[in-house]
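Engineer: please find the sequence and the predicted model below.
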Amino acid sequence: MFDNKIVDKALPEKAEDAASDGQAPSPLKQAPLKRKTAGAKQDTLEQAIALIDHTSLGENDTDATIKALVDAAVAEQPHTAAVCIYPKFVKFVRSLQQRDPQRYPRTLKVATVVNFPSGREPLEKVLADTRQAVADGADEIDMVIDYQKMKEDAANGAANAELQVRQVRSACE
């Protein structure tokens, strides 16, 4: 949805100015414009923060590093949209939210990624990781496709990726 509060200053003051070539202005240009103010900039910043995933996909991640990530994600209000972590930490983050919902609100989503980083894990492992992450409470499952296969043989790689996406989606249900 278009939000008039974040219209760029480069747009014309009036919709008529945008249609000087005789064509009807676009719906975007027909919307009433508001100039940015300090309050609007703060609103824009808060909107942006609420769309960010705080991510840690480090090989050396531990419960302590993931807790620090979650602490950082909820340190400001509004908090970030989600934390994105390895599947093995989903249950841990959910336990933080259950033990201390005031500090770790359920509105902070938990995202995870399977088949990371190469996109070349065996399909059964990808599906098992997906099912476990869903069972542990993940709100979002991202999947890395085999991009090397896509580079080597685009048609075969695309067909393989599409099949994997369907299977992972099915495992989420």
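Structural biologist: Received the coordinates, thanks. Numbers count the residues shown, from 1 in each chain.
Engineer: for Val114, see how far away the residue nearest to Ile145 when sequence neighbours are not counted is.
Structural biologist: Leaving out its chain neighbours, the residue that sits closest to Ile145 by CB to CB, 6 or more residues apart in numbering is Ala161, at 4.1 Å. In short, each C-beta sits where N, CA and C put it, glycine included. Applying CB to CB, to the nearest Å, the value for Ala161 to Val114 is 13 Å.
Engineer: Ile145 too?
Structural biologist: For Ile145, the distance to Val114 equals 11 Å [CB to CB].
Engineer: kindly report the same for Ile141.
Structural biologist: Distance from Ile141 to Val114, by CB to CB: 6 Å.
Engineer: circling back to that earlier point, what helix or strand is the residue nearest to Ile145 on?
Structural biologist: helix 154-171 (DSSP states H and E).
Engineer: what is that helix packed up against?
Structural biologist: The helices and strands touching helix 154-171, judged by 3 or more CB pairs under 8 Å, 6 or more residues apart in numbering; DSSP states H and E, are helix 123-136, strand 140-143, helix 147-152.
Engineer: convert the C-alpha atoms of the first one to CSV, please.
Structural biologist: Yep, that's helix 123-136 we're talking about. C-alpha atoms of helix 123-136 as CSV (Å, rounded to 0.1, in the frame of the first residue of the first chain):
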residue,chain,number,x,y,z
LEU,A,123,16.5,-33.2,-0.3
GLU,A,124,15.7,-35.4,2.7
LYS,A,125,17.8,-33.3,5.0
VAL,A,126,16.2,-30.1,3.7
LEU,A,127,12.8,-31.5,4.2
ALA,A,128,13.7,-32.9,7.7
ASP,A,129,15.1,-29.5,8.7
THR,A,130,12.0,-27.8,7.4
ARG,A,131,9.6,-30.1,9.3
GLN,A,132,11.6,-29.7,12.5
ALA,A,133,11.7,-25.9,12.2
VAL,A,134,8.0,-25.8,11.7
ALA,A,135,7.4,-28.1,14.7
ASP,A,136,9.7,-25.9,16.7
